[in-house]
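[1] The sequence and its predicted three-dimensional model are supplied below.
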Amino acid sequence: DDDPEKRSLVSSQGLRVIGSVSDFDWESIDRLIISPGVPHHFPLPHPIVSAAVSAGVLIDNDVGLFFQSIATKSWDKFSVRPRIVAVTGSNGKSTTASLLHHIFLKLGYKSQLAGNIGRGVLDIDPPENNEIIVLELSSYQIEVARILSPDLAIFTNFSADHLERHGGIGGYLAAKRRLFTEGCPDYSIIGVDELAGLNLAQQLSASIGDESIIRVSATKQMRRFDWSIFLDAGYLVEHRKGKQINSTDLKVFDNFVGPHSYQNAASAYAACRALGMSPRKIVEAMKGFDGLAHRSQKIATFNGITFINDSKATNVESAMMSLNAYENIRWICGGQQKDGGLSKLNSVTQKVRRAYVIGAEAENISKQLTCENVVCGDMRQAVECAVKDSESGDVVLLAPAASSFDQYDNFERRGEDFAKQVERIIKNFHEKTTY
């Protein structure tokens, strides 16, 4: 580890710590296993990676080891082999993976959730007959894994994120694409609301045929493909081989709001259908899903005002989805900007009544926004101002469109602070009205 404190801690526990690349006996090493945080190619390879490559040592990660383990004779014992569903994409992959895990459990399957969410892939329990393992995989994990062999693979959507680790958009998309082109899943479920998804679906169709591709869209109807799941006026529609198989009104579901949420639901539904589950049972199981913290999470309703915590909206694309999902918005935004700033969001701020800008770059962000806005020092001030301005029917929405590291350790701490400020205001109101 590059952190001196962590090395010291490990050393104090009696474990050997290798301090330098030159201390390695490379001839005795078969494989170097690296964590997702270790740069493999860009912006520069980590020294340990460069040394391993020079010594001819294979580089892998825990995901590669996991998939290698299922290609052994130990899996021949199963009467119904466990299946693996891998979920990747720029936004929505955690929610989609969690929704799938929820559905499988509700339908009576044994299921485990791991990867970039929950437990590491090597920490899961030994799989059982007919079990379904759901893995959320990041581009970092897919890029390095030497073996990728899921039964189903899902690409939710694309936005320009983590580009510095992949040398640009091309490298980022190439990393994601490996799960489908090298993994050879039985079915590839592709979100096609962005050009990257459309291109991926076309490439797969040209190389392996259209029969194993399920296209998913929250914004366009798709009836000409072999198998597609799409949204039509709030209805989740399944179309296959020229026929409509199912139609479900998602507008009656309190747990799915807006196109981004519908897209997650459609991707999960598609995976379940590819596994042979019935539409009615899938939809029934979806109803009990509460969603994930900090992802379009409804945390309170007070005096007719709804409070939504979407702290995970750390980039412009995810914030855009959130802004499109609600009406009468009091928008709390800001933080550490990513490349391009927030000006792209001006095209979707028609429903924003006022923005409340926080963070170290608040002044700069305020100047980029064309909607009415005010600079606030911190979350406490932003929530107080938003509540003071709000009327019944308004939505106070935390969708920062920026990272949290200028004020918080991570997006979770930021979302927790938002929830704490909302709770404080509601508590103070009740105390005043009680006495």
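    Arrived safely, thanks for sending.

[2] now the end-to-end length of stretch 121-129.
    Criterion C-alpha to C-alpha, to the nearest Å; first-to-last residue distance in stretch 121-129 is 18 Å.

[3] now do stretch 189-199
    Termini of stretch 189-199 sit 13 Å apart (C-alpha to C-alpha).

[4] Could I get the buried residue list for that stretch?
    For stretch 189-199, burial by neighbour count (16 or more other C-beta atoms under 10 Å) applies to I189, I190, G191, V192, D193, E194, A196, G197, L198. Just so you know, the C-beta spots here come from the backbone N, C-alpha and C atoms, and that holds for glycine as well.

[5] Could you list the domains of the protein?
    Described in terms of automatic domain parsing, the domain architecture of the chain consists of the residue ranges 4-60, 76-286, 297-434.

[6] Grab the CA positions of stretch 400-416 and hand them over as CSV.
    Output of stretch 400-416 as CSV, limited to C-alpha atoms (Å, rounded to 0.1, in the frame of the first residue of the first chain):
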residue,chain,number,x,y,z
PRO,A,400,-24.9,18.3,-6.6
ALA,A,401,-23.6,17.6,-10.2
ALA,A,402,-20.1,17.7,-8.6
SER,A,403,-17.9,15.6,-6.3
SER,A,404,-18.0,16.1,-2.6
PHE,A,405,-14.3,16.2,-1.7
ASP,A,406,-14.1,20.0,-1.1
GLN,A,407,-16.3,19.7,2.0
TYR,A,408,-16.8,16.0,2.7
ASP,A,409,-15.0,12.7,2.7
ASN,A,410,-17.4,11.2,0.2
PHE,A,411,-20.9,11.6,-1.3
GLU,A,412,-22.4,9.5,1.5
ARG,A,413,-21.3,12.0,4.2
ARG,A,414,-22.7,14.8,2.1
GLY,A,415,-26.1,13.1,1.8
GLU,A,416,-26.1,12.4,5.5
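
[7] May I see the buried residues of that stretch?
    In stretch 400-416, counting by 16+ other C-beta under 10 Å, buried: P400, A401, A402, S403, S404, Q407, Y408, F411, R414, G415, E416.

[8] before we move on, back to that, in strands only, show me the buried residues of stretch 189-199.
    If you go by DSSP state E, the buried residues of stretch 189-199 have I189, I190, G191 in strands.

[9] quick one: which of the residues you listed is nearest K351?
    Checking these against K351 with C-beta to C-beta, the nearest one is G191 at 23.9 Å.

[10] returning to what we had before: out of the domains of the chain, which is closest to Q68?
    Of these, nearest to Q68 by C-beta to C-beta is domain 76-286, at 5.0 Å.

[11] what distance separates the start and the end of the closest one?
    Length of domain 76-286, first residue to last, C-alpha to C-alpha: 33 Å.

[12] Ok, stretch 155-172 next?
    13 Å.

[13] And the average pLDDT for it is what?
    The pLDDT scores in stretch 155-172 average 66.

[14] repeat for stretch 246-253
    91.

[15] got it, and stretch 400-412?
    Stretch 400-412 shows a mean pLDDT of 95.

[16] Pull the residues that contact that stretch.
    293-294, 311-316, 318-320, 332-338, 342, 345, 358-361, 365, 378-379, 413-414, 417 (C-beta atoms under 8 Å, 6 or more residues apart in numbering).

[17] average pLDDT for the helix or strand that contains L135?
    Using DSSP states H and E, L135 sits in strand 132-136. Average pLDDT, strand 132-136: 98.

[18] so which of the domains of the chain gets nearest F66?
    domain 76-286 (4.1 Å).

[19] Now do stretch 244-254: distance from first to last residue.
    Start-to-end, stretch 244-254 (C-alpha to C-alpha) is 25 Å.

[20] Please apply the same query to stretch 347-359.
    Span of stretch 347-359 from end to end, C-alpha to C-alpha: 22 Å.

[21] Next, the residue nearest to P279 when sequence neighbours are not counted: secondary structure please.
    Leaving aside its chain neighbours, P279 sits nearest to N246 (4.0 Å; criterion: C-beta to C-beta, 6 or more residues apart in numbering). What DSSP: H, G, I helix; E, B strand; the rest coil gives for N246 is strand.

[22] The helix or strand where R215 lies packs against which elements?
    Using DSSP H and E, R215 falls within strand 213-217. Strand 213-217 makes packing contacts with strand 187-191, helix 195-208, strand 227-232, helix 258-274 when contacts are defined by 3 or more C-beta pairs under 8 Å, 6 or more residues apart in numbering; DSSP states H and E.

[23] now the strands: where do they sit in the stretch 51-200 of the chain?
    Using DSSP state E, counting those that start in this stretch, the strands of the stretch 51-200 of the chain run over 58-60, 83-88, 111-115, 132-136, 152-155, 187-191.

[24] just the angle between the third one and strand 83-88, please?
    For the pair strand 111-115 and strand 83-88, the angle between their directions (axes from the mean of the first three to the mean of the last three C-alpha atoms, to 10 degrees) equals 40 degrees.

[25] dump the residue contacts of the residue nearest in space to the middle of the chain.
    By C-alpha atoms, centre = their mean, the chain has its centre lying nearest to K93, at 3.2 Å. Applying C-beta under 8 Å, 6+ apart to K93 gives the contacts V87, N116, E136, L137, I154, T156.

[26] Please give me every residue in contact with the third one.
    Applying C-beta under 8 Å, 6+ apart, one finds that E136 lies in contact with V87, T88, K93, S94, A97, L113, A114, G115, N116, I117.

[27] Columns distance to S69 and pLDDT on top of those residues, output as JSON lines?
    Shown next, in JSON lines, are the contacts of E136 (distance: C-beta to C-beta, whole Å; pLDDT from 0 to 100):
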{"residue": "V87", "distance to S69": "20", "pLDDT": "98"}
{"residue": "T88", "distance to S69": "20", "pLDDT": "95"}
{"residue": "K93", "distance to S69": "23", "pLDDT": "92"}
{"residue": "S94", "distance to S69": "24", "pLDDT": "93"}
{"residue": "A97", "distance to S69": "20", "pLDDT": "97"}
{"residue": "L113", "distance to S69": "18", "pLDDT": "98"}
{"residue": "A114", "distance to S69": "13", "pLDDT": "97"}
{"residue": "G115", "distance to S69": "14", "pLDDT": "95"}
{"residue": "N116", "distance to S69": "19", "pLDDT": "89"}
{"residue": "I117", "distance to S69": "20", "pLDDT": "90"}
